[in-house]
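Undergrad: Prediction below, plus the sequence it came from.
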Amino acid sequence: MINISPEDQARVDAIEQALLARWPETRIEPTLERIAALVDILGSPQLTYPTIHVGGTNGKTTTSRMIDSLLFEMGLRTGRFTSPHLESYLERISINGEAIDAKSLIFSFNDISAYLDLMDTKFEHPISFFEAITALAFAAFAEHPIDVGVIEVGMGGEWDATNVIDADVSVLMPVGLDHTEYLGETLTEIAQTKAGIIKENGFIVLAQQEPEVAKEFLKRAATVGADVAREGIEYSVLSRSLAVGGQLLTIQGIKERYEDIFLPLHGKHQASNAAAALVAVEAFFGDQDLDIEAVRAGFAHVTSPGRCEIVHRDPTIILDAAHNPHGAAAITETLQSEFTFDDVIGVFAPMGDKDVAGILLELEQVMDSIIVTTNSSARAMDVAKLEKIAIEIFGIDRVFTSATLAEALERAITDSVRPLSEDTIGILVTGSVVSVGEARTYIRKKFAKEEK
């Protein structure tokens with residue numbers, strides 16, 4: 001939790017409201033024109049430090065956190081920019097593994113706010129929320145200063161606001177169908193947009209992809225003369241075994257074999273994320289060998305809030321921000337292979353523009369019952385509509401509704417208490433990053449009160 005004085009909190013809140021008054025994150029005009037002009041007038045802070053760019057559909061945030069942790073353990077001052085946030089927008093801008101402190105955020109915003117207003121007058125559309133916070137991160141990193149920036153793509157790649165960096169290494173995580181209204185209806189179209197982060201003579205780390213996606217990425221890499229390391233060919237997870245609180249990995253990098261790596265995260269997909277992160281760091285360091293102890297420490301200290309995150313025991317409550325079928329398949333596989341619940345109660349609150357039926361088809365395999373509900377976002381799916389889709393997939397006997405996420409959580413917790421039963425019950429909260437962020441805040445407050 002981020003601790004801030006009341007005065008600073010008031011200013012941080014005012015900055016958030018000023019940013020939110022801009023074009024929302026969900027409204028996109030596919031162009032780099034505005035952000036390029038903005039960073040230019042700021043003196044191109046994003047070019048004052050080397051960067052690693054992380055794109056794809058699923059696993060971007062966790063992989064960015066892993067790269068950050070590895071680089072920090074190797075003695076570098078790091079800046080990490082990720083999106084969206086779970087509980088506070090300060091999480092998006094991280095310095096040395098911690099969310100930016102309020103005073104630094106306020107300083108950097110004061111530094112750039114006049115330029116934001118100036119740019120608003122220069123273009124038909126104003127600077128958007130995402131463009132503004134991206135520029136804010138670039139400026140804060142330059143001010144710190146950092147040794148290396150780890151920058152997660154917001155959406156797509158080619159025209160994403162982060163694509164004004166000149167990355168030394170680009171990482172492309174698995175690509176699935178998401179944001180089809182902006183990126184295209186097919187995997188090929190989406191891959192073409194995401195391939196836009198592949199830079200001339202750069203180095204590309206390519207996680208496991210569908211064949212049509214890999215084809216587009218390799219075509220782009222060949223066109224711009226970028227070197228490529230592909231999962232399963234140039235690098236791979238050699239072995240993976242379950243361990244208390246996570247898993248033990250052996251990873252074959254592009255240069256070395258790294259053994260006895262403890263990763264405190266669950267799921268086969270997290271092992272793949274770890275391999276991609278490690279290879280990105282190998283490529284970043286070039287000919288310099290990595291210290292195996294720093295590698296082990298970097299992975300051992302990784303956290304990934306809201307990604308198969310256990311936030312409470314008795315009952316076991318797991319938060320996972322899966323918001324597309326690919327993400328839902330990953331959490332489903334993880335629950336099936338790494339947990340031993342007799343019963344899983346689902347709490348599900350997705351956005352209305354997602355492939356909700358596709359997500360539910362995956363979750364149905366592990367959820368014995370599901371409580372459908374809504375989060376605070378205007379984009380959240382209507383509960384009545386959601387209930388109808390859920391009943392088609394789960395059947396009427398397994399679907400319940402709650403008007404609010406808080407009510408759904410209380411119901412799930414109550415339903416998990418089964419006197420005279422020896423069954424172990426798990427609660428899985430999923431559907432969107434917003435739902436998971438709100439659930440995280442609610443659960444922490446609820447159990448903190450009960451423990452007093």
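TA: Yep, it's here. Numbering: from 1, shown residues only.
Undergrad: Please count neighbours and contacts with C-alpha atoms only from this point.
TA: Will do.
Undergrad: Check this protein for its longest helix and report it.
TA: In the chain, taking DSSP state H as the definition, the longest helix is helix 102-122.
Undergrad: Can you give me the buried ones in that one?
TA: 102, 105-106, 108-109, 112-113, 116, 119-120 (16 or more other Cα atoms under 10 Å).
Undergrad: With just CA atoms, put it into PDB.
TA: What follows is helix 102-122, C-alpha atoms only, in PDB (Å, rounded to 0.1, in the frame of the first residue of the first chain):
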ATOM      1  CA  ALA A 102       3.900  11.400  -4.300                       C
ATOM      2  CA  LYS A 103       6.400  14.200  -4.200                       C
ATOM      3  CA  SER A 104       8.300  13.000  -7.300                       C
ATOM      4  CA  LEU A 105       5.000  12.500  -9.100                       C
ATOM      5  CA  ILE A 106       3.800  16.000  -8.200                       C
ATOM      6  CA  PHE A 107       7.200  17.500  -9.300                       C
ATOM      7  CA  SER A 108       7.200  15.800 -12.600                       C
ATOM      8  CA  PHE A 109       3.500  16.700 -13.300                       C
ATOM      9  CA  ASN A 110       4.200  20.400 -12.500                       C
ATOM     10  CA  ASP A 111       7.100  20.200 -14.800                       C
ATOM     11  CA  ILE A 112       5.100  19.000 -17.800                       C
ATOM     12  CA  SER A 113       1.500  20.300 -17.200                       C
ATOM     13  CA  ALA A 114       2.000  23.600 -19.100                       C
ATOM     14  CA  TYR A 115       3.300  21.700 -22.100                       C
ATOM     15  CA  LEU A 116       0.200  19.400 -22.000                       C
ATOM     16  CA  ASP A 117      -2.000  22.500 -22.200                       C
ATOM     17  CA  LEU A 118       0.100  23.900 -25.000                       C
ATOM     18  CA  MET A 119      -0.100  20.700 -27.000                       C
ATOM     19  CA  ASP A 120      -3.900  20.700 -26.600                       C
ATOM     20  CA  THR A 121      -4.100  23.900 -28.600                       C
ATOM     21  CA  LYS A 122      -1.900  22.600 -31.400                       C
END
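Undergrad: about what we covered before: identify, from the buried residues of helix 102-122, the entry nearest to Gly225.
TA: Of all those, Met119 has the smallest distance to Gly225: 34.5 Å, by Cα to Cα.
Undergrad: who's in contact with the closest one?
TA: Going by Cα atoms under 8 Å, 6 or more residues apart in numbering, Met119 touches 34, 37-38, 126-127.
Undergrad: farthest pair in those residues?
TA: Ala37 and Pro126 (12.1 Å).
Undergrad: Comparing these two, which residue is more hemmed in?
TA: Ranked by neighbour count (other Cα atoms under 10 Å), Ala37 and Pro126 place Pro126 first, with 18 against 14.
Undergrad: tell me the centre residue of this structure?
TA: Thr61 (3.0 Å; Cα atoms, centre = their mean).
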